[in-house]
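Engineer: Fold the following, please.
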Amino acid sequence: MSDRSIAAPDLATAMDWFISTSADPNLCPYFLSIDHAPSEQIDGSEWHHTAMIISQNIEHQILADDLGKTISPATGKLKQWKNTKLKYRKKFQTQLWHELKKLPLLVLGMSAREVDIVSGEDGFARELGIFENYRRITINEKIMVEFGPYRNSDDDEYQTIIISPKHATMAIYTAAYMLRIHNALSSAVAKTLSNDSKDNSIWMQVWSDKPPNDFSGKYAELMWLLLGSANAEGKFTWGGFQTQEDQPIDILVDNLAGFLNSATSEPHKYQYSGPVLQPPISGTFFWERLQSPMS
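Structural biologist: All right, here's what the predicted structure looks like:
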């Protein structure tokens, strides 16, 4: 397996390669970092990109540190993608593969046209098991989306979340994609352990970049609700770093999402021209485009 490519041909193979590097595939939680480009909302962009990094022992901290030292030796840290120029971006693209190959990490990218995200909302909601539990309403002549009712674990009272459509649609899409990733990971682990693939005991600790209105806003509350929904319950813990200073892991996944965005909009600038990767290869990369509905 170590003489394979770093780029997997499909999601199932990506998960198999990733799990093959684990000493204990059943060890939880799996740590997942996630970010989006250009943003976590429907904003008129043609494309939206989601980047994820998954590891068992937070090896993406090592990846962030090693890339920072290689790309920005003066500071030893990665920079926010929006604040970088082409020279930095090309170095990131080249060095990513050479550092990733050393680590038991899975880097995933999903790119989707905004029109497909919007048109696929009903399907994503069905995957999450929430289709009957949310609706569009009008408040002061403005269309909003209401989720619930659901019980708040703090006071056990029924309540709802009301949020803008531009955030609701993206949250549903993102949660459905994460559920799909979880199911693929669970199947790969079950195959390795010769267990029933329907055993969804795998738990993922999600570290998100700061969502709209931070972690106390409606978007964060909605993601917490969706990842605790009927089809996702018990599979995720959702949160993120709530410090003022950017964390290396957050900057890493920001760079990955930015790279996917830049490589899509200007592919001629991101043709890999570095040396051929030599085995052994431990890391795995898989980038796909949404085919709606998700399957």
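Engineer: Beyond the helix or strand of the chain with the lowest mean pLDDT, next helix or strand please.
Structural biologist: For the chain, scoring each helix and strand by mean pLDDT, DSSP states H and E identifies strand 236-239 as the least confident one, at a mean of 85. Remark: after strand 236-239, the chain's next helix or strand is helix 248-265, criterion DSSP states H and E.
Engineer: Not counting its own residues, what contacts the next helix or strand after that following helix?
Structural biologist: Note on helix 248-265: by DSSP H and E, the next helix or strand toward the C-terminus is strand 284-289. Strand 284-289 is contacted by residues 6-8, 10-11, 13-14, 17-18, 97, 100, 105-112, 260 when judged by Cβ atoms under 8 Å, 6 or more residues apart in numbering. All C-beta atoms are positioned from the backbone trio N, CA, C, and that covers glycine.
Engineer: how far off helix 248-265 does strand 284-289 point, in degrees?
Structural biologist: 50 degrees (axes from the mean of the first three to the mean of the last three Cα atoms, to 10 degrees).
Engineer: then strand 284-289 to CSV, C-alphas only?
Structural biologist: The C-alpha trace of strand 284-289 is given here as CSV (Å, rounded to 0.1, in the frame of the first residue of the first chain):
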residue,chain,number,x,y,z
THR,A,284,-4.2,10.6,1.3
PHE,A,285,-5.9,13.3,-0.7
PHE,A,286,-9.3,13.1,-2.4
TRP,A,287,-11.1,16.0,-4.2
GLU,A,288,-14.5,15.6,-5.8
ARG,A,289,-17.2,17.7,-7.3
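Engineer: returning to what we had before: in helices only, show me the contacts of strand 284-289.
Structural biologist: Leu11, Thr13, Ala14, Trp17, Phe18, Trp97, Leu100, Leu260 (DSSP state H).
Engineer: what residues are up against Leu256?
Structural biologist: Contact analysis of Leu256 by Cβ under 8 Å, 6+ apart lists Asp35, Ala51, Ile53, Leu96, Val107, Gly109.
Engineer: Show me which of the ones in helices among the contacts of strand 284-289 is closest to Thr192.
Structural biologist: Phe18 (10.5 Å; Cβ to Cβ).
Engineer: From the structure, what's the count of residues near Arg113?
Structural biologist: 15 (other Cβ atoms under 10 Å).
Engineer: Do I have it right that it meets Gly44?
Structural biologist: No - Arg113 is beyond contact range of Gly44, at 11.9 Å (criterion: Cβ atoms under 8 Å).
Engineer: Going by neighbour count, which of the ones in helices among the contacts of strand 284-289 are buried?
Structural biologist: Using 16 or more other Cβ atoms under 10 Å as the burial test, the ones in helices among the contacts of strand 284-289 include Leu11, Ala14, Trp17, Phe18, Trp97, Leu100, Leu260 as buried.
Engineer: I'd like those as CSV, with distance to Lys82 and pLDDT appended.
Structural biologist: Shown next, in CSV, are those (distance: Cβ to Cβ, whole Å; pLDDT from 0 to 100):
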residue, distance to Lys82, pLDDT
Leu11, 29, 97
Ala14, 28, 97
Trp17, 32, 97
Phe18, 29, 97
Trp97, 23, 95
Leu100, 22, 96
Leu260, 14, 97
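Engineer: could you dump those to JSON lines with distance to Asn183?
Structural biologist: Below are these laid out as JSON lines (distance: Cβ to Cβ, whole Å):
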{"residue": "Leu11", "distance to Asn183": "10"}
{"residue": "Ala14", "distance to Asn183": "13"}
{"residue": "Trp17", "distance to Asn183": "17"}
{"residue": "Phe18", "distance to Asn183": "14"}
{"residue": "Trp97", "distance to Asn183": "27"}
{"residue": "Leu100", "distance to Asn183": "24"}
{"residue": "Leu260", "distance to Asn183": "22"}
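Engineer: now, among the residues you listed, which is nearest to Glu157?
Structural biologist: For those, the nearest to Glu157 is Leu11 (39.7 Å; Cβ to Cβ).
Engineer: For stretch 44-57, buried residues please.
Structural biologist: Trp47, His48, His49, Thr50, Ala51, Met52, Ile53, Ile54, Ser55, Gln56.
Engineer: Just the residues you listed: which are in helices?
Structural biologist: Checked against DSSP H, those include nothing in helices.
Engineer: Among those, which ones are in strands?
Structural biologist: Within the buried residues of stretch 44-57, residues falling in strands by DSSP state E are Trp47, His48, His49, Thr50, Ala51, Met52, Ile53, Ile54, Ser55.
Engineer: Could you find the closest non-adjacent residue to Ala8?
Structural biologist: Nearest non-adjacent residue to Ala8, counting by Cβ to Cβ, 6 or more residues apart in numbering: Ala14, 3.6 Å away.
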